[in-house]
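Peer 1: sequence and predicted structure below; questions after.
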Amino acid sequence: MPTAARDIPSPNGFHPGDLARTVSSSFGTLDLSTSPTATFHSPNNSFGGPPRTSAKQLKPFATSDIKVLLLENVNQTGQTILKGQGYQVEAHKSSLPEDQLIEKIRDAHVIGIRSKTKLTANVLKHAKNLIVVGCFCIGTNQVDLKFAAENGIAVFNSPFSNSRSVAELMIGEIICLARQIGDRSNEMHQGSWSKVSNGCWEVRGKTLGIVGYGHVGSQLSVLAEAMGMKVIYYDVVNLMGMGTAGQVPTLEALLNGADFVTLHVPELPETKDLIGEKQISQMRNGAYLLNASRGSVVDIPALIKALQAGKLGGAALDVYPNEPGANGPTFNAELNDFTEDLRKCKNILLTPHIGGSTEEAQSAIGVEVADALVKYVNYGTTIGAVNMPEVSLRNLTQDEPNHVRVVYIHKNVPGVLRKVNEVLGDHNVDKQMTDSRGEVAYLMADISNVNTSEIKNLYQNLEDLGSRIRTRVLY
Ligand SMILES: NC(=O)c1ccc[n+]([C@@H]2O[C@H](COP(=O)([O-])OP(=O)(O)OC[C@H]3O[C@@H](n4cnc5c(N)ncnc54)[C@H](O)[C@@H]3O)[C@@H](O)[C@H]2O)c1
Ligand SMILES: O=C(O)[C@H](O)COP(=O)(O)O
C-alpha cells in the first residue's frame, strides 16, 4: 500500500525548507535555476560541465522551486514523497522518445526513470538544471554514468528492492519450462486437449546453474535449494555460496553441469552476447536457458537456432535487445525481425520485462529512491550514489544560526582542497568531508557565522576555481 508523504528523517528532525522561507540564518539550498543564456560547456571546465549559476540569482532554498520529471510510471510511494516535499512533480506513465525527452529534461532539476529511458550524453547535455537522476530500478546501464558524474549529476538506484521478485519469477519459470506449462496452456486456450508426460520433469534433484551470483542470483539459490535442486554458480568475483551451493571456476563448467541456466549479470561490454552459439553448444542436451538480466546478454538468433534444432528443451526471456518504451501493440516492430521466429519456438516463455514488477518491489523502490533524491536535493548527501563518492555530514540544527553548507563537486586534481579552504578560510569551518571517485571529487563543508551578504562572494569565488564542476551553496 502506498505510504503517506513524510519528512526525510534527519538526526534532529530539522528540515531545511521549513526555515529557509522565513529567516536568512536558516539552512536551505541554492536557487538552482540558471540564466537562460547560460551555456552547457563552460570555458574553464574541460569536462564540459554544467552551466554556472550567476551569483546574482542565489536565493534561499524553496522546495517549490524544484522541478521533478518522473517517467515510466514511477510508483505512487515515490511520487508522494517528492510531492510531500513541495517539489513540482510532473509524472508520465511511459518513457519518452529522445526528442521529447530533450525538451522535457531542459528545466528539470531531478529526473526519475526506470530501465527504458536512455539518459545518454546527448540527452544529458541539454539538461541545464539537472542535479540528480533517480533510477527507480536496479540497472543503471541506461544512464551515461561517467558523463553524469563529470557534469555534477549524481545518480541513485535501488540496489536490491526487486531482487526477490525476480528470483520468484525464475522459480515459477523453471517449473513452467520443466512441465511445458506455457505450451499446454496455449493449447487449451486454442481449444486443444493434449495430455503428455514425454519431456516433462520434476525439478527435484536437477542442477540449477546461476550466472551472476549477486542480489538476484543468491536469492534464487536459496529458493531453488528449498525445492530440492542442486545449485552451482559462476561469477567473476569469488563469493560464498548460500546453503550448499558451490561456485564453479568457469562459465564452461557451469554450462556443462547444469540442467537449467539462469542469467543475472549486469549489462557491460564483457556481458554482451555472453551466451552465444559456442556457449549454447556447451550446455547439456535438453537443458533450459532463462534470461532476466538484460537483452544484450543472449545472442537471440543463436538461441532460436538451438531451440529449433532441439538442442535446448526450452527457454524463458524477460528482457530483449530492444524493448518498447510503452505498453501496447508495438511488440513486433520493437523487438526486431527475429521476434516472429522466437514466438514460433516450442516451450519458450516470453514476458515483457516484468521481473521486478510486483507491488512489493515497486512500492519499496519508490520509497528508497525518492528518499535518496530528497536527501541529495535538500542536504547534498550522496550516500548510495552509483557514480559519485559517498559523502554525508550531520544535518544542521535550528540552534546553529548563520550556517551555510557548501557542496563543491570538482575535478580530482592536486591542489583543489587548498584553494577551496582558502575561500572558506574567512569563516569557521565546523565540519568538512571530502572523497573522490575516479576523476570526480565531492566536498561538503558546513561553515558558520556567514552573513547572507557574504554568500554571493563565497559562491562566486568557488565557481571561479578552475577545478569546479558544480557548486551548491545551501543556506
Ligand atoms: N528482469 C528484471 O526485471 C530485472 C530486475 C532486476 C535486475 N535485473 C538485471 O539483473 C542484473 C543483476 O541484478 P543483481 O541485483 O543480482 O545485480 P548484482 O550487481 O547484485 O549482481 C550481479 C553479479 O554479476 C556478477 N558479474 C558481473 N559480470 C559478470 C560476468 N561477466 N560473468 C559472471 N558474473 C558477472 C557480479 O560480480 C555480481 O555478483 C541487473 O544488473 C539488471 O540488469 C533485471
Ligand atoms: O533494472 C531493473 O531493476 C529491472 O530491469 C527492472 O526494470 P523496470 O523497473 O524498468 O521494470
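Peer 2: Sure thing, it's come through. Ligands and ions are numbered 1, 2, ... in the order given.

Peer 1: residue ranges for the helices of the stretch 1-150 of the chain, please.
Peer 2: For the stretch 1-150 of the chain, the helices defined by DSSP state H, counting those that start in this stretch occupy 16-20, 76-84, 98-105, 121-124, 145-150.

Peer 1: return the helix or strand in the protein with minimum mean pLDDT.
Peer 2: Lowest by mean pLDDT, DSSP states H and E among the helices and strands of the chain is helix 16-20, with a mean of 35.

Peer 1: residue contacts, the closest residue to ligand 1 within the chain?
Peer 2: Residue of the chain nearest ligand 1, by Cβ to the nearest ligand atom: G214 (1.8 Å). For glycine as for every other residue, the C-beta is placed from the backbone atoms N, C-alpha and C. Shown in contact with G214 (Cβ atoms under 8 Å, 6 or more residues apart in numbering): D235, H264.

Peer 1: sketch out the low-pLDDT regions of the chain for me.
Peer 2: 1-60, 330-338 (pLDDT under 70).

Peer 1: can we see that at 90?
Peer 2: For the chain, residues meeting the criterion pLDDT under 90 lie at 1-63, 322-343, 395-403, 425-427, 449-453, 474-475.

Peer 1: what parts of it come near ligand 1?
Peer 2: 138-139, 160, 162-163, 166, 211-217, 234-237, 264-268, 270-271, 292-294, 318-319, 353, 355-356 (Cβ under 6 Å from any ligand atom).

Peer 1: tell me which of those residues fall in helices.
Peer 2: When the residues of the chain next to ligand 1 are checked against helices (DSSP state H), the matches are S163, V166, H215, V216, G217.

Peer 1: in the one helix or strand L443 maps to, what counts as buried?
Peer 2: Assigned by DSSP states H and E, L443 belongs to strand 440-448. Residues of strand 440-448 classed as buried: V440, A441, Y442, L443, M444, A445, D446, I447 (neighbour count, 16 or more other Cβ atoms under 10 Å).

Peer 1: can you point me to the longest helix in this structure?
Peer 2: Secondary structure of the chain per DSSP H: the longest helix is helix 359-379.

Peer 1: what residues does the stretch 151-300 of the chain have near ligand 2?
Peer 2: N162.

Peer 1: next, count neighbours for the closest residue to ligand 2 within the stretch 151-300 of the chain.
Peer 2: Per Cβ to the nearest ligand atom, N162 is where the stretch 151-300 of the chain lies closest to ligand 2, at 5.2 Å. Neighbours of N162 under the rule other Cβ atoms under 10 Å: 24.

Peer 1: mind listing the strands for the stretch 351-475 of the chain?
Peer 2: 404-411, 428-437, 440-448, 468-474 (DSSP state E, counting those that start in this stretch).

Peer 1: and among those, the most buried is which?
Peer 2: Of the strands of the stretch 351-475 of the chain, the one with the most neighbours on average (mean count of other Cβ atoms under 10 Å) is strand 404-411, at a mean of 26.

Peer 1: strands paired with it, and their directions?
Peer 2: strand 440-448 (antiparallel), strand 468-474 (antiparallel) (DSSP bridges).

Peer 1: output those strands in CSV; the columns should cover distance to ligand 2.
Peer 2: Output for the strands paired with strand 404-411, formatted as CSV (distance: least, Cβ to the nearest ligand atom, whole Å):
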stretch, distance to ligand 2
strand 440-448, 24
strand 468-474, 27
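
Peer 1: how about a markdown table for those strands, with distance to G241 added?
Peer 2: Shown next, in a markdown table, are these (distance: least, Cβ to Cβ, whole Å):
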| stretch | distance to G241 |
| --- | --- |
| strand 440-448 | 36 |
| strand 468-474 | 42 |
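
Peer 1: closest to I131 out of these?
Peer 2: Among those, strand 468-474 comes nearest to I131, with 7.4 Å by Cβ to Cβ.

Peer 1: and the angle from that closest one to helix 359-379?
Peer 2: 90 degrees (axes from the mean of the first three to the mean of the last three Cα atoms, to 10 degrees).

Peer 1: make 14 the starting number, not 1.
Peer 2: Sure, I'll start counting at 14 from here, so that last one is strand 481-487.

Peer 1: so what's the residue count around the spatially closest residue to R450 that is not a sequence neighbour?
Peer 2: Nearest residue to R450 in three dimensions, chain neighbours excluded: P402, at 4.4 Å (Cβ to Cβ, 6 or more residues apart in numbering). By the criterion of other Cβ under 10 Å, P402 has 20 neighbours.

Peer 1: what's the answer for A339, then?
Peer 2: Neighbour number of A339 under other Cβ under 10 Å is 15.

Peer 1: that one belongs to a helix, doesn't it?
Peer 2: No - applying DSSP: H, G, I helix; E, B strand; the rest coil, one finds A339 to be coil, outside a helix.

Peer 1: ramachandran coordinates for it?
Peer 2: phi -140, psi 160 (degrees, to the nearest 10).

Peer 1: give me the domain ranges for this structure.
Peer 2: 70-175+368-401, 213-325+332-363, 405-487 (the TED database).

Peer 1: the longest helix of the chain to helix 89-97, inter-axis angle?
Peer 2: 20 degrees.

Peer 1: packing partners for helix 372-392?
Peer 2: Where contact means 3 or more Cβ pairs under 8 Å, 6 or more residues apart in numbering; DSSP states H and E, helix 372-392 is packed against helix 29-33, helix 89-97, strand 123-126, strand 145-148, strand 167-169, helix 176-191.

Peer 1: ok, 6 Å please
Peer 2: Applying 3 or more Cβ pairs under 6 Å, 6 or more residues apart in numbering; DSSP states H and E, one finds that helix 372-392 contacts helix 89-97, strand 145-148, strand 167-169.

Peer 1: okay, those in JSON lines with mean neighbour count and distance to I187 next?
Peer 2: Conversion of the helices and strands packed on helix 372-392 to JSON lines gives the following (neighbours: other Cβ atoms under 10 Å; distance: least, Cβ to Cβ, whole Å):
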{"stretch": "helix 89-97", "mean neighbour count": "21", "distance to I187": "31"}
{"stretch": "strand 145-148", "mean neighbour count": "27", "distance to I187": "28"}
{"stretch": "strand 167-169", "mean neighbour count": "26", "distance to I187": "32"}
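
Peer 1: got those as a markdown table, with distance to G289 columns?
Peer 2: Below are the helices and strands packed on helix 372-392 laid out as a markdown table (distance: least, Cβ to Cβ, whole Å):
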| stretch | distance to G289 |
| --- | --- |
| helix 89-97 | 38 |
| strand 145-148 | 28 |
| strand 167-169 | 30 |
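
Peer 1: give the contact list for the residue nearest to R450.
Peer 2: Contact partners of P402, counting by Cβ atoms under 6 Å, 6 or more residues apart in numbering, are D448, S449, R450, Y455.

Peer 1: with N298 instead?
Peer 2: Taking Cβ under 6 Å, 6+ apart as the definition, N298 has no contacts.

Peer 1: if you set the cut-off to 10 Å instead, what comes out?
Peer 2: Contacts for N298 were tallied using Cβ atoms under 10 Å, 6 or more residues apart in numbering; they are G323, K324, L325, G326.

Peer 1: cool, and L109?
Peer 2: Going by Cβ under 10 Å, 6+ apart, the list of residues near L109 reads 82, 84-85, 115-118, 126, 129-130, 136, 338-339.

Peer 1: and those residues, which of them are buried?
Peer 2: Judged by 16+ other Cβ under 10 Å, buried ones among those: L82, L84, E85, I115, K117, I118, I126, K129, T130, V136, G338.

Peer 1: need the max-distance pair from those.
Peer 2: Using Cβ to Cβ, those reach their maximum pairwise distance at E85 and I115, which is 16.7 Å.

Peer 1: this completes my enquiry, with thanks.
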